[in-house]
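Participant: Give me a 3D structure for the following:
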Amino acid sequence: MEAKKTSTFVLVVLVIMLGGCTTAPSKITEPTKAQTLPPTNSLPPSAPCVYESTKGVAEVIELSPEHVTFKFYPGDQVFTLPAEALNDVNISLDQELKAIIRTPLSGPCEKTEFELLSTVE
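Facilitator: Okay, the predicted model is just below:
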């Protein structure tokens with residue numbers, strides 16, 4: 001009887017040990033069409049714009065009643081601002097103003113931005 005108890009005990013221990021070695025089914029599933037991830041090069045609509053800012057000088061190269069055209073240095077980039085946005089500033093041809101150019105690097109923004117700071121002294 002003692003041998004039967006021992007063999008039953010060994011059998012129970014083996015079943016418990018082997019049961020502990022099995023793995024549970026994986027909960028990772030392939031994405032369905034509703035779960036498909038966006039391509040890596042697209043950004044969510046809430047992503048902020050990231051710019052590279054460069055300080056420089058904007059020279060007035062053209063004046064008209066509707067707009068003022070500048071050339072930004074470094075880079076010789078030409079940009080135009082509405083004249084009414086500059087009503088408070090006394091602008092003359094060939095005048096140089098301190099400026100910043102912001103070039104988009106990433107994000108949903110695609111437009112280069114220019115900001116006039118002050119006249120060059």
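Participant: Could I get the average pLDDT for the longest strand along the chain?
Facilitator: Assignment by DSSP state E gives strand 50-63 as the longest strand of the chain. Average pLDDT, strand 50-63: 94.
Participant: Give me the next element, helix or strand, following that strand.
Facilitator: strand 67-73 (DSSP states H and E).
Participant: Show residues contacting that next one.
Facilitator: Applying Cβ atoms under 8 Å, 6 or more residues apart in numbering, the external contacts of strand 67-73 come out as 56-63, 77-83, 86, 91, 97, 99, 101, 114, 116. All C-beta spots, glycine's among them, are computed from the backbone N, C-alpha and C.
Participant: could you redo the last one with a cut-off of 7 Å?
Facilitator: Applying Cβ atoms under 7 Å, 6 or more residues apart in numbering, the external contacts of strand 67-73 come out as 56-62, 78-83, 86, 91, 99, 101, 114.
Participant: now stretch 100-116
Facilitator: For stretch 100-116, the external contacting residues (Cβ under 7 Å, 6+ apart) are 43, 45, 47-56, 58, 72, 77, 79, 97, 99, 117.
Participant: Mark which of those residues are buried, thanks.
Facilitator: Buried members of the contacts of stretch 100-116, counted by 16 or more other Cβ atoms under 10 Å: 51, 56, 58, 72, 77, 97, 99.
Participant: would you list the residues you listed in JSON lines and tack on distance to E110?
Facilitator: Below are these laid out as JSON lines (distance: Cβ to Cβ, whole Å):
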{"residue": "Y51", "distance to E110": "11"}
{"residue": "G56", "distance to E110": "21"}
{"residue": "A58", "distance to E110": "21"}
{"residue": "F72", "distance to E110": "18"}
{"residue": "Q77", "distance to E110": "15"}
{"residue": "L97", "distance to E110": "25"}
{"residue": "A99", "distance to E110": "20"}
